[in-house]
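Q: what shape does this take:
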Amino acid sequence: MGWNSWDCYGTTVTEAEVLANARFLHEHLLAHGWDTVVVDIAWYDPTARSHGYNAGAPLTLDAYGRQLPAMNRFPSAAGGLGFGPLAAAVHALGLRFGVHLLRGIPRLAVDQALPVEGTAWTAADAADRTSTCAWNPDNYGLDHDHPAAQAYLDGQVAQLAAWGVDLVKVDDILAPYHDRAIEGWARAIERSGREITLSLSPGTGLSTARTEHLRAHAQMWRVSDDLWDRWPDVHAQFTRLARWAPHQRPGGWADADMLPLGRIGIRAERGDDRQSRLTLDEQRTLLTLWVMARSPLMVGGDLPTSSRATIDLLATPAVGHVLRTSTHGQEALREALPADAGGGDERDGATAGELIVWTARAGDDDAIRYAAIFSTAAAAVRVRVPLTAVVERPTDPGAVRDLWDSRAEIDVDAGALVLDVPAHGVRWLALRLGA
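A: Numbers count the residues shown, from 1 in each chain. Okay, the predicted model is just below:
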């Protein structure tokens, strides 16, 4: 659970902006489990701009071809200190610090044949010039048949460890699937002697057949392309998460991508400065689905300037508690809503929607079950959900509470939950089992 700079600042985030979000996280959300701050892509590009990448950018590199923070954006990096001072400031707030890196080695280091530290090889020996990223011009891949490749990775991770980095998000590594690059990163982290969470992206088309390999080498892996503040993006994750939920285990988590909530697009890769275009009910749906599926939660909005309503959602106690303690999250029911249950709109093109029910167990109380009743209809609907779809033993009305709104009324009638669900919305419940 944490904050990532991508949705609000894209390639352009500055040290001051990272610290402002870290302080906000510490003051308002750390108590609810939000404990990680991640600087996303291109922190080493002094010419970074919104809405794209710069071919041939004058990347800031050290003598061994490893990325350094651009000092015009991260002034505390002066004097070769790298991210050490910023990581220390984040740690002083009780938070973890993470950075983004692309698979491979900077082309600039290869073109200049910079040495690989501690070896007689150069970056040109380590590189695979035929392996490039389709959407970013900064790097070549590594030639994992040459020992210079692992030596470069070992040195890069040793530098991250020396700075105090707690998480590294490695991009352009899952689509296509670069198994040897994943193994190389895991090996370098182990050799660094520091516990560093390895997060892999993007997961476009990622198959659950990769689960064992992923679990053996990483702690988080994306299961989709970038997700933005559009209902179709959120809706598409229902099917993906239903497929991945049975594979979730401590130490290895399928990641449904960042939460495009709050103020995003300030200087981002996509769209203009805005509060998230998802309605408040769609935001609840997104958060509830991610939690029930036990996806990592990385909010992408600039926290100090995000709406109070969104911050209140993030601070809802059930979000962190259910994410951390629940087990057996799964899709339990999916069926079409009646044709007159809710009209479609221009955002999803549907004339009706689906009733989707997720269930989970409370890992800290064997008598509690969680149930999320979603409607994908574009208008509010009243639904009737048999209790047998969500609990194995009947419960009484007084033993059911709404996790988003403790004052909400819940009707249990003739063995069924009768609920009003908003458009693209959810009712999130905790139920105590009957005797």
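Q: skipping adjacent residues, who's closest to residue 39 in space?
A: Nearest non-adjacent residue to residue 39, counting by CB to CB, 6 or more residues apart in numbering: residue 99, 5.1 Å away. Any C-beta I mention is one placed from the backbone N, CA and C, and that applies to glycine too.
Q: low-scoring stretches of the protein, by residue?
A: Segments of the chain classed as low confidence (criterion: pLDDT under 70) are 341-351, 397, 435.
Q: mind redoing it with 90?
A: 270, 338-352, 391-399, 406-415, 433-435 (pLDDT under 90).
Q: residues of the strand ranked longest in it that come out buried?
A: Criterion DSSP state E: the longest strand present in the chain is strand 326-336. Neighbour-count burial for strand 326-336, counted by 16 or more other CB atoms under 10 Å, picks out 326, 329-333.
Q: now those residues as TSV including distance to residue 27?
A: Shown next, in TSV, are the buried residues of strand 326-336 (distance: CB to CB, whole Å):
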residue	distance to residue 27
326	27
329	30
330	36
331	36
332	38
333	40
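Q: tell me the domain boundaries of the chain?
A: Taking automatic domain parsing as the criterion, the chain consists of the domains 2-315, 330-432.
Q: ranking these by burial, who's on top?
A: Compared across those, domain 2-315 shows the largest average neighbour count, a mean of 20 (mean count of other CB atoms under 10 Å).
Q: counting by contacts, list what the longest strand of the chain packs against.
A: Applying 3 or more CB pairs under 8 Å, 6 or more residues apart in numbering; DSSP states H and E, one finds that strand 326-336 contacts helix 231-244, helix 280-292, strand 354-362.
Q: looking at those, which is closest to residue 179?
A: helix 231-244 (18.9 Å; CB to CB).
Q: what about the closest one, distance to the chain center?
A: Helix 231-244 sits 14 Å away from the centroid of its parent chain (CA atoms, centre = their mean, to the nearest Å).
Q: could you point out which element follows that helix?
A: Downstream of helix 231-244, the next assigned helix or strand under DSSP states H and E is strand 253-255.
Q: all strands for the stretch 301-435 of the chain, in order.
A: In the stretch 301-435 of the chain, the segments counted as strands under DSSP state E, counting those that start in this stretch are 326-336, 354-362, 368-375, 381-386, 400-402, 411-413, 416-421, 426-432.
Q: dump the domains of the chain to CSV, plus distance to residue 322.
A: Compiled in CSV, the domains of the chain are given as follows (distance: least, CB to CB, whole Å):
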stretch, distance to residue 322
domain 2-315, 5
domain 330-432, 6
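Q: span of stretch 108-124 from start to end?
A: Start and end residues of stretch 108-124 are separated by 10 Å (CA to CA, to the nearest Å).
Q: oh sorry, the question was meant for stretch 120-139
A: For stretch 120-139, the end-to-end distance is 21 Å (CA to CA).
Q: off-centre distance for that stretch?
A: The answer for stretch 120-139 is 27 Å, by CA atoms, centre = their mean.
Q: about what we covered before: contacting residues around the residue nearest to residue 39?
A: With contact set as CB atoms under 8 Å, 6 or more residues apart in numbering, residue 99 has these partners: 38-39, 43, 83, 160, 165, 167-169.
Q: could you dump those residues into CSV and include secondary structure and distance to residue 181?
A: Compiled in CSV, the contacts of residue 99 are given as follows (DSSP: H, G, I helix; E, B strand; the rest coil; distance: CB to CB, whole Å):
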residue, secondary structure, distance to residue 181
38, strand, 20
39, strand, 21
43, coil, 20
83, coil, 22
160, helix, 16
165, coil, 18
167, strand, 18
168, strand, 13
169, strand, 14
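Q: out of the residues you listed, which comes closest to residue 115?
A: Distances from residue 115 to the contacts of residue 99, taken by CB to CB, are shortest for residue 160, at 19.0 Å.
Q: you'd agree the closest one is up against residue 195?
A: No: with contacts defined as CB atoms under 8 Å, residue 160 does not count as touching residue 195, sitting 11.9 Å away.
Q: returning to what we had before: residue 47 is nearest to which of the helices and strands packed on strand 326-336?
A: Among those, helix 231-244 comes nearest to residue 47, with 29.9 Å by CB to CB.
Q: hmm, who's touching that closest one?
A: Helix 231-244 is contacted from outside by 208, 223-224, 227, 254, 256-257, 260, 278, 282, 285-286, 289-290, 293, 295, 330-331, 334, 347-348, 356, 374, 376, 424, using CB under 8 Å, 6+ apart.
Q: nearest residue to residue 32 in space, please, no chain neighbours.
A: That would be residue 320: by CB to CB, 6+ apart, it lies 4.7 Å from residue 32.
Q: what's the neighbour count on the one you found?
A: By other CB atoms under 10 Å, 20 other residues sit near residue 320.
Q: these two touch, right, it and residue 34?
A: Yes: in this structure, residue 320 is within contact of residue 34 by CB under 8 Å, at 7.4 Å.
Q: before we move on, the earlier item: adding distance to residue 301, write the helices and strands packed on strand 326-336 out as TSV.
A: What follows is the helices and strands packed on strand 326-336, written out as TSV (distance: least, CB to CB, whole Å):
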stretch	distance to residue 301
helix 231-244	15
helix 280-292	10
strand 354-362	25
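Q: so for residue 25, which of these sits nearest?
A: With CB to CB, the closest approach to residue 25 among the helices and strands packed on strand 326-336 belongs to helix 280-292: 16.4 Å.
Q: about what we covered before: of the contacts of residue 99, closest to residue 404?
A: residue 38 (26.7 Å).
Q: now the nearest residue to the closest one once chain neighbours are set aside: how far from residue 90?
A: Nearest non-adjacent residue to residue 38, counting by CB to CB, 6+ apart: residue 98, 3.8 Å away. Distance, residue 98 to residue 90, using CB to CB, to the nearest Å: 9 Å.
Q: overlap of the contact sets of those two?
A: Listed as contacting both residue 98 and residue 90 by CB under 8 Å, 6+ apart are residue 37.
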